[in-house]
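Q: Predicted structure and sequence below. I'll ask about it afterward.
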Amino acid sequence: MLMKNQRMCIYAKEVGTLLGKSPQQARRILSLIKDSLGKKQHQYVSIHEFATYTGLNEEEVRKACQG
């Protein structure tokens, strides 16, 4: 269930913060996720896709991304 004003995608800065990685490593991780999902470079990675790929709890990732 997507609530009002709730984002669907995750950004490299958030990936870096969540995983304790550098900005370059975070961008690389998002690139790996896109490759594994068959996405093009201009397409976004959803929070759900990120959580599934990393094995993290989706709700915890959403809460961390909200602040």
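A: In hand now; what should we look at? Numbers count the residues shown, from 1 in each chain.

Q: Show the low-confidence segments of this structure, by residue range.
A: 1-5, 67 (pLDDT under 70).

Q: That one: strands as residue ranges?
A: Under the criterion DSSP state E, the chain contains no strands.

Q: By residue count, what's the longest helix in it?
A: In the chain, with assignment by DSSP state H, the single longest helix is helix 23-37.

Q: Contacts for that one, please.
A: Outside helix 23-37, the residues within contact range by CB atoms under 8 Å, 6 or more residues apart in numbering are 10, 12-13, 15-16, 19, 21, 39-41, 43, 45, 49-50, 53. C-beta coordinates here come from the backbone N, C-alpha and C atoms, glycine included.

Q: Write the ChimeraX selection for whichever of those residues are buried.
A: Under the burial definition 16 or more other CB atoms under 10 Å, those of these that qualify are selected in ChimeraX by:
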select :10,12,15,16,45,49,50
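
Q: picking that back up, roughly how far is the longest helix of the chain from the heart of the chain?
A: 9 Å (CA atoms, centre = their mean, to the nearest Å).
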